[in-house]
Structure formats: structure tokens, C-alpha cells
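Enquirer: Build me a model from this:
(2 chains)
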Amino acid sequence: MSLPFLLEIGTEEIPDWMIPNALENLHLLFEKLAIPHESVTLDATPRRLVLRVDGLPERQADSEERVLGPAKSAPPQAVAGFARKQGIKPEDLAVESTPKGEYYTFTKKIEGRRTADILAEALPGIILGIYFPKTMYWTGKNGPRFIRPIRWIVALLGEEIVPFELAGVPSGNLTAGHRSLGAREVVVTHANYVERLRDHYVILSAEERRIRIQKELADRFADLIVKPDPALLETLVYLTEYPTPIAGSFDPQFLELPEEVLVTVMRHHQKYFSVEDVEGKLAPQFVAVMNIPADPEGFVRSGNERVLRARFNDARFFWETDQKKSLVDRKQDLAHVTFQAKLGSYLEKTDRTVALTAELGGDANAQRAAELLKCDLTTELVKEFTELQGVVGGLYARAQGEPEPVWQAIYDQYKPAGLEDSIPRNRTGQIVSLADKLDTLRGCFAIGMVPTGSRDPFALRRAAQGVVKILVEGKLDFPLLTAIQSRDREGANVATPAPAPLISFFEDRIKFYFRDYRGFAYDEVNAAMAAGWSNLPDLEARLIRIQNLRSSPDFEPLAASFKRIRNILEQTGSADTSAPVDPSLLEPGPETDLYAEYQSIAGVPLENAISKLRPKVDLFFDKVLVNAPDPRVRQNRLTLLNTLLREFSSIADFSEIVTTS
Amino acid sequence: MPTFQQIIFNLKQYWADRGCIIQEPYDVEVGAGTMCPETFLRVLGPKPYRVAYVQPSRRPADGRYGDNPNRLYKHSQLQVILKPAPADVIDQYLGSLAAIGIDLNRHDIKLEEDNWEAPTLGAWGIGWQVMLDGLEISQFTYFQQCGGIDLDLVPAELTYGLERITAFLQVKDSVYDIDWSNDFKYRDVRYADELQYSVFNFEMADIPTLWKLFDLHEGEASRLLKLYNPKAADKLRFPLLPAYDQVLKCSNLFNTLDARGAISVTERVGVIQRVRKLAVGVAQAWVDQQKPDQQAPDQQAPNQPEPKQPQEATQ
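Expert: Here you go, the predicted model:
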């Protein structure tokens, strides 16, 4: 007989962003039990993690175990003793011959364990084994740890409760409804679980909650253009058990404030969707999602409207206060804002960034932007909305009449926020953003603040990733290895090479960018980088060439030959192969042909030469013995091979290409 | 429509009915109800305790000269400590909202992740901000550490923002317009405080004097802590409570100096450390002093793991 299994871990509100991972983890831990089963369904609300499994066996299959007794020659008392221990009569024992002689044996039947018993034993460990980024204890010091207190547990296998206890909570068949609208204790069975929850205002399925929000929006607020925000939608889906959207409005006078500020207040502080007019401009409305089915009296709407009004009033107060002191007048205040204890204040950082901006070829606008770059750190608005750093500076610069390239550069300085984000929109912004990030990276590496594992407090990975993305996508061919050379405290280039950890840190980011984001094969990236990577637009161009070349049937065989050449050259390590090839030492036939081919294609792009070159290389290796007895001939052959390798090594080190042949 | 004071009466009665001692505000200036000995010291050790009190909480940097409708230099917190936290603690909390007239079937309540940390106290906990129709009305925290010590019993701390809740219930856009009693507005009672303390904290407080006071209080606290002897037969006489008052004085002076713009970001971390060291010292001595078994000398491990890096001083 096969049985359904239901596990509901009832908790206090779990942070929304942790829920999907926790469910996956729960699933994984359950599968480790290796109990045969059919489908698995995972669901969650903020207050419950639910695992439902179909088709579990009632018990594990029976098995047998052979128990070896005394030798056949043993005294009868020993035989009787063995039989008694096994619970049978001596005459029921079998005799088997083993390599050591004949022995009494007994075949013990082991009854398969009941699935309920296995589950009862394993579930406490499974539940407490679910990974969460930050856990707590609640029953007292040394008590179990979980993301939030566990308050009830439903564990049903078929009709039966799987009995166990965790953190003082016994498992049972009682769930709990919605916090304010449902009952505290609701008896459930497999058949009625989902419906009973729904009766008590809990929509179990995240997908259903998502659809409900979207459908209600479409049905009831069809006239509103709600700005799509999938991440916010996901948050709200896992922040509610019975989500219902409502629309509210605010005084259009607030639209005088920058849209960025209004949207940040709505999205980050209040978790509201913003609404646009037909032209795509912000409309004085918003959509909130509440955790109850309806708001007939409009209490929830008017409450949210009042909160938003207060928040906007605050923002306006800061916006107006900040305008009383221009950005440039705030620069000296940066002396009191520490960037990092050993790296000095933001004023010092500003000076270094200005110097580096000039070195990177930034014009007067870029240097002006670099000078004002961090001044918004002293504004009230940024203190209140830290996530708007840079953006606020840009907005103030615009309001204070700075030229467009300058304010946009300040505005965009933290771009790209991730691989999917765009780079600063203009050249000025790209250079200033590079200078700022490079200064942070160089400074931190110089004092040994190197990211390890999950520890990266200055977000250096993101900074380096941003540098790579800006250089490639901005087509900036400033050599990266020069840009990361060490500087003195004022930012002057002291022309000592970048520290090795910073170089390898960048290598990793470049590989990540081209492989994981741009989709180049890892061996292509290795091959191209082995031929140099300091000029990133050039690296990108070579990668595209390699990718195109790869489709040629001659490519991989040729790559294999290059690998062979490199191996040969490595084995003969000491030989000097930098001299020109001596044609008089070439053997007529494949060797001379290969040399002639090389001469004819010198300077020709590999794309055009590959189909003719490959047969010559193949034939050479087929017919010619590199390790010739005459040392002069051998030396000349090695030189020929090295010359060939070098001809194409400015594109890539082809021996890095992984070939199937 | 309940008045400000009626809401306070109702909440106090509600929690008194659930076994809480109703305390009066602590008489040393603090930035939050958590800092009062009734929370900071009582959550330590193995003895259960339940207490509720209103604590006027001073945050010099939040002063706005009485101009801003929502920000106050001194706001009123209702602080509830349930040690250990009962299993139905959230239901009890929601019950308290019903007791002041909030119909939970008609309002939207959400518990949103918000872990609390006070670097100056070596204290942190796990919890939520409670949102009512989009308004943060309470902070709910399961304390995990206090004074750098793992807590034996996990207390729940409920902190109600009384002005906000009242403004919500009375449908007022400005806290100054709320009815404190039937005859007086909040403005009548508190406006002068807001204006004068803003002037003092932002403009007139004498920075060298504040530093001198800070040093004096720090010196006194640290002198006392050095004298505490865990093996002394009469250690119950030892004035740890007065030593803690000195720490509170330091904390408030730090906040005032901060508002006055006298502490650079670099110095800030250092000053927080100085206050934290005193707070941790008092907490450890207190745990020792309160131990029922006087034979067991100090066993409290002083080196508890640090929580995540401090973000800012929540006074």
C-alpha cells in the first residue's frame, strides 16, 4: 500500500527572501533518506514550510541476514546456546560449508522498518538541518536553532501522525490559519489540507498568490499602469498568506521631487509598486499589497497614504535643506568622512580619483565630476536613503547647474550594479567610475584587504566586475595592468607593478565576465587570455575570432597540433629557438612545404590561412622526425615550429583549446 | 478616540493582566527603553521576569526644532520584556493592539524581518518590525545576546512607538496634534522640549564640556568596575547599579556629541567601543553578582563571539 506524506513546519514569520532556498534545502534533505516515492510538492508561506510526498511505502522491503554459528564440531551445549540466542530450536539450524569448514548457520528474516518510524526518527534532524543564513535560539541557551521559533508541526503519513517532538513542539494534525483571520488550531487530513487552509485565509501555493495579485491588479485596477517589478512581486508573495493589492494616491505636488527619491521611498521603504501615466512618467498613485482579502472601509488604503505622505514630507525637507549648501562647498567636509581607516578620508580618496581620472584621459568635465563625486555623502538625503548614493549627487549637480556630462557621471558612478546592469551612459561617467573603482581596489589590496570566501565588506568583487564591464563595453583600451599599478598616497603612479593578488583577482573577474556572462567556452577564454588580457576590448575581439574559428573543421586538429608543438618545445626547454629559420637545413618534402606555407601566410589572418595550413602541419608531423640525429637540423626544426607558434600566438595560446581528438 | 494617555493606560493594564510588573520610566536619560536596567540587566541570568514601562527616549540627532511632524528628539516607547518569551507571544502582542482599539480584521499587519543590534550595549537579537497599514508601529525582538553574553532564557522585547500609534489611531498627520488628554495636545506638553533641546544639541552644547563630562563618567564607571571582586563575601553590596548609571550618562553624552557634529566617523567607532567596554563589564559583573551560588566564582566566559559588524549606534 502506498501512502501520502505531509510535513508542515509551522513557524513565526520567516524572512521572505530566505524561503525559496529553505524549501529546496528541505527537499534535498528528504531525498537523502532514500525512501522510494512518487511526486514531491513543496510550498511555503511566511509561516509554514510544507513538503508533500506521494506514494511512500508503508514499510521498507524485508531483507535476510545469515548469522554464522558454532562449527559443526562444537559441543552440543554451544550449539544449543546459539540456537537459544536466535530464538529457535537447535534442529532448525542449517549447516553450511565455509572455507573454514562446516558451520551451523541461521538465516534471520529482517522485517523492513515502518516508514513512519524512519520518518519519526529522521524528521527532527531534517528540519533543524535546513540551512538559513542567520539562525536564532528561543527555548533557552543551547536550545535548537532555526530561522524563527517553530510553533507547530503537522506530520501525517496516510491517516497516521508521524510522532516526534522538536523544541518542545509535538507533531500532530493541527495547523494554524491566518494570523488575524484564521483559527489557531485547524485539524487537517491529506485530502482537505489545502482547502482547510484556504478556509482560514491561507493560500498555500506561492504561484497561486502571485497569480492572485496579478489578476486582482488586472481586474480591479485595469486603468492603472503599474510598473512591473518582479523582485518586489516575489517579496510580497512570500510576505503574505492572503495577498490583495490596493491602490492609493498621493498629492501631485510631491512629483516636484526627483522620481528616483519617490520611487525609492515607495519601493524600498514601503514595498509599493509605482504607477506611471501613458507617457511613462510617474503618476501620483501607488499599489500596495496587503495580507487580508479586502479593505471595504478603505482603512488600509488611507493608512498607507498617510504613511507615504509623512515619508515624502521627510524627503522634501531633506531635499530642501541640502540645497542650501552646494556640492562643491561640501568637498572640504569629506575630510571628516572616513573612507577606510588606513586609506584616509573621502577627501583624500577624491584627490586620488581626480589624479587617476586625468591619467585615464579624462577631460575637464571628468575631473570636475571626480571632484564632486562623493560630496553627496554629507547630505541629509543620502544619510536617509543610503541606497541613493551617487544618484542624489547627480541630481544635486544638475540642480546646481553642472554640465550634463558632469552630473550624469556623478549620477552613474556606482554603475554597473551587477552584470545585468548597464555601464555609465557617457564617456565621462565611464572614466570617472573606473577611476573610483580602481582606487578602491588598489587601496584595499595595498593594505591586504583581500576578499576571502563570503567576506567582501567593500564589495571589491562587484567593483572589479564593474571595471571589466566598463572597459569592454565602453571599448576603453587603456591597459588595465597599468591602471592597477601601485600609487602613492596622493594617487601618483609610482610605476611599480600591481600586486600579484590584485592581478589574479582581475584575471578571475575577466574569466567570469567572458565565460558566465558572455558565454564563451572556458578553454577559449584561457587561450585568448594566455596571449594577454590587459587590453580588454582587444581580448574581446580575439575571443570573437576564436569562437568563429572554432566552427572550422580545421580548427581543433590545428589546435591539437599547436599543443603538440608546445609540448615538444617544453621538453627541449633549453634549446634557443629565437633565431630565424635556416632554409638550407630544411629537408625537402613536408618540412620545406610547411615553411613555404608559413611564408606565404605570414601576416594573413588565421581565418584565411587555416584551411591551407592544417594539412601541411598534419603532414609534417606524419612524415618528419622532429628529434633528428643531426643537432643542427633538430635545432632548426624546433625553430620552425616555434616560429609557427608565435605567428598566431598574438591571438591566443591555441594549446589551451581542449580538443576532442 | 483614545487619547495618548488612555492608550498608555490600556497597554499597561493589558500587560499587567499578563503578569508584567508595571515600572515607571528610569530616571537617567536613555536613547531607548532597552538601555534601562529593567531590560539591560534583567534579561541577564536565569531568573524569569516580566515588566512593562513607558520610557521617554532621547535621540539628540533626531531633533527637528519641533518643525517635523514625525521626528522627535524625545519620543515615548512602551517597552515590554517577557522573559522567557511565551510560545504565544505574537498572539499576545496582537491582543494588545486589539486592546487599544485596532481591529485586526480591518487592518493589514505584517511582520517584516528586522534584526536589532546595539553596538554600545554588546546586545543583539532577531526579530521584526511590525507594520500596520504600512506604518512601523513596533519592534519585536528575541534577544540573543546582551552585554556580549549569550542569554540563558530568551526574552521577547516588544517596543511600541507610542506617538506613532496614537497619531495613527487619532488620524493625525502630525504628532504635535495628537490629544495627550482630552484637554491638552501633545504640542502643549512637549513642544518646548523639542525646540530647546534641538537648540542645545545642535547649536549650544559646549563640546569641550561634553567631552569632559564623558571622560568623568567613563572614569567613574571604569574605576568602580575595577574594584568589583567576585570573591568578596559582601559582593551583593557592591554598587553595580550606580556604575551602570555612569555608562548610561556616557551613552547619552556620546549621542549629544554626535548630534553636535563633534565626532568624526573615525572617532565614532572608537567611542562606541569605549561605551561598549563599560556596558559589557557591568553585564558580566552583574551576572556574577546575581548568581545564587556564592561559592562558584566567575565562570562567565568573557569572550562571546561577536555578532555581525556594528552598523550604527542605536543609542
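Enquirer: Please name the residues that touch the closest residue to residue B:14 other than its chain neighbours.
Expert: Distance criterion C-beta to C-beta, 6 or more residues apart in numbering or on different chains; nearest residue to residue B:14, sequence neighbours excluded, is residue B:99 at 4.4 Å. Backbone N, C-alpha and C define where each C-beta goes, glycine included. Neighbouring residues of residue B:99 by C-beta atoms under 8 Å, 6 or more residues apart in numbering or on different chains: B:10, B:11, B:13, B:14.
Enquirer: who's in contact with the last one?
Expert: The one in question is residue B:14. With C-beta under 8 Å, 6+ apart, residue B:14 has these contacts: B:95, B:96, B:99.
Enquirer: where in chain A is pLDDT low?
Expert: Low-confidence segments of chain A (pLDDT under 70): A:489-491, A:495, A:573-577, A:661.
Enquirer: so which residue of it comes closest to chain B?
Expert: Per C-beta to the nearest C-beta, residue A:303 is where chain A lies closest to chain B, at 2.8 Å.
Enquirer: Tabulate the contacts of residue B:99 (a markdown table), appending pLDDT, distance to residue A:633 and secondary structure.
Expert: Output for these, formatted as a markdown table (pLDDT from 0 to 100; distance: C-beta to C-beta, whole Å; DSSP: H, G, I helix; E, B strand; the rest coil):
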| residue | pLDDT | distance to residue A:633 | secondary structure |
| --- | --- | --- | --- |
| B:10 | 98 | 104 | helix |
| B:11 | 98 | 100 | helix |
| B:13 | 98 | 106 | helix |
| B:14 | 98 | 101 | helix |
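Enquirer: Of those residues, which is the nearest to chain A?
Expert: residue B:14 (17.1 Å).
Enquirer: Any of the contacts of residue B:99 buried? List them.
Expert: B:11, B:14 (16 or more other C-beta atoms under 10 Å in any protein chain shown).
Enquirer: Close to chain B: what parts of the stretch 451-600 of chain A are there?
Expert: Neighbours of chain B within the stretch 451-600 of chain A, by C-beta under 8 Å from any C-beta of the partner chain: residue A:457.
Enquirer: Helices of the stretch 451-600 of chain A, start to end?
Expert: Ranges of helices in the stretch 451-600 of chain A, per DSSP state H, counting those that start in this stretch, are A:460-473, A:480-483, A:500-512, A:522-530, A:536-550, A:555-571, A:590-601.
Enquirer: And the contacts of residue B:99, which two are furthest apart?
Expert: Greatest spatial distance among the contacts of residue B:99 (C-beta to C-beta): B:11 and B:13, at 7.3 Å.
Enquirer: hey, which helix is longest across the chain?
Expert: By default, I'm working from chain A. In chain A, ranked by residue count with DSSP state H as the criterion, the top helix is helix A:299-322.
Enquirer: wait, chain B
Expert: helix B:265-290.
Enquirer: Stretch B:72-88 close to chain A?
Expert: Yes: applying C-beta under 8 Å from any C-beta, one finds stretch B:72-88 touching chain A at B:84, B:85, B:87.
Enquirer: Quick one: which of these is the most crowded by neighbours?
Expert: Within the residues of stretch B:72-88 next to chain A, most neighbours by other C-beta atoms under 10 Å in any protein chain shown means residue B:85, with 23 neighbours.
Enquirer: leaving aside the residues next to it on the chain, what's closest to that one?
Expert: Once flanking residues are discounted, residue B:85 sits nearest to residue B:156: 3.5 Å by C-beta to C-beta, 6+ apart.
Enquirer: Now for that neighbour: which residues touch it?
Expert: The contact partners of residue B:156, taken as C-beta under 8 Å, 6+ apart, are B:80, B:81, B:82, B:83, B:85, B:86, B:89, B:140, B:141, B:142, B:143.
Enquirer: what about 6 Å?
Expert: By C-beta atoms under 6 Å, 6 or more residues apart in numbering or on different chains, residue B:156 lies in contact with B:82, B:85, B:89, B:142.
Enquirer: now residue B:2: how far from residue A:520?
Expert: Remark: distance between residue B:2 and residue A:520 (C-beta to C-beta, to the nearest Å) = 67 Å.
Enquirer: Pick out whichever of the two has more residues nearby.
Expert: residue A:520 (21 against 16).
Enquirer: what's near enough to touch the more buried one?
Expert: By C-beta under 6 Å, 6+ apart, the contact list for residue A:520 reads A:514, A:543.
Enquirer: still on that earlier bit, redo the helices of the stretch 451-600 of chain A as JSON lines? Include mean neighbour count.
Expert: Shown next, in JSON lines, are those (neighbours: other C-beta atoms under 10 Å in any protein chain shown):
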{"stretch": "helix A:460-473", "mean neighbour count": "21"}
{"stretch": "helix A:480-483", "mean neighbour count": "18"}
{"stretch": "helix A:500-512", "mean neighbour count": "16"}
{"stretch": "helix A:522-530", "mean neighbour count": "20"}
{"stretch": "helix A:536-550", "mean neighbour count": "18"}
{"stretch": "helix A:555-571", "mean neighbour count": "18"}
{"stretch": "helix A:590-601", "mean neighbour count": "17"}
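Enquirer: what does chain B have sitting close to chain A?
Expert: Taking C-beta under 6 Å from any C-beta of the partner chain as the contact definition, chain B meets chain A at B:70, B:104, B:106-108, B:110-111, B:113, B:126, B:133-135, B:142, B:150, B:152-154, B:264-266.
Enquirer: Tell me where the stretch 1-150 of chain A has strands.
Expert: A:2-11, A:40-45, A:48-57, A:63-71, A:94-98, A:101-110, A:136-137, A:145-146, A:150-157 (DSSP state E, counting those that start in this stretch).
Enquirer: now those strands in a markdown table, with mean neighbour count and distance to chain B?
Expert: Below are the strands of the stretch 1-150 of chain A laid out as a markdown table (neighbours: other C-beta atoms under 10 Å in any protein chain shown; distance: least, C-beta to the nearest C-beta, whole Å):
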| stretch | mean neighbour count | distance to chain B |
| --- | --- | --- |
| strand A:2-11 | 21 | 11 |
| strand A:40-45 | 20 | 12 |
| strand A:48-57 | 20 | 14 |
| strand A:63-71 | 13 | 43 |
| strand A:94-98 | 11 | 57 |
| strand A:101-110 | 14 | 41 |
| strand A:136-137 | 20 | 4 |
| strand A:145-146 | 18 | 10 |
| strand A:150-157 | 23 | 6 |
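Enquirer: Using TSV, please lay out those strands together with distance to residue A:352.
Expert: Compiled in TSV, these are given as follows (distance: least, C-beta to C-beta, whole Å):
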stretch	distance to residue A:352
strand A:2-11	49
strand A:40-45	48
strand A:48-57	49
strand A:63-71	72
strand A:94-98	82
strand A:101-110	74
strand A:136-137	43
strand A:145-146	45
strand A:150-157	52
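Enquirer: Among those strands, which comes closest to residue B:202?
Expert: strand A:136-137 (38.5 Å).
Enquirer: hmm, back to that, quick one, which of the helices of the stretch 451-600 of chain A is nearest to residue B:166?
Expert: Per C-beta to C-beta, nearest to residue B:166 of those: helix A:460-473, 43.6 Å.
Enquirer: how many degrees apart are that closest one and helix A:500-512 in direction?
Expert: Angle, helix A:460-473 to helix A:500-512, by axes from the mean of the first three to the mean of the last three C-alpha atoms, to 10 degrees: 60 degrees.
Enquirer: Helix A:536-550 and helix A:460-473, what's the angle between them?
Expert: Using the same axes, to 10 degrees, helix A:460-473 lies at 70 degrees relative to helix A:536-550.
Enquirer: OK, contacts around residue A:241?
Expert: Residues in contact with residue A:241 (C-beta under 6 Å, 6+ apart) are A:45, A:178, A:202.
Enquirer: Could you do residue A:539 as well?
Expert: By C-beta under 6 Å, 6+ apart, residue A:539 lies in contact with A:528, A:533.
Enquirer: per the record, what domains does chain B have?
Expert: Per automatic domain parsing, the domain ranges recorded for chain B read B:4-200, B:205-290.
Enquirer: what residues are up against residue 65?
Expert: Going with chain A. By C-beta under 6 Å, 6+ apart, the contact set of residue A:65 is A:108, A:110.
Enquirer: that's the other chain; I wanted chain B
Expert: Residues counted as contacts of residue B:65 (C-beta under 6 Å, 6+ apart) are B:195, B:198.
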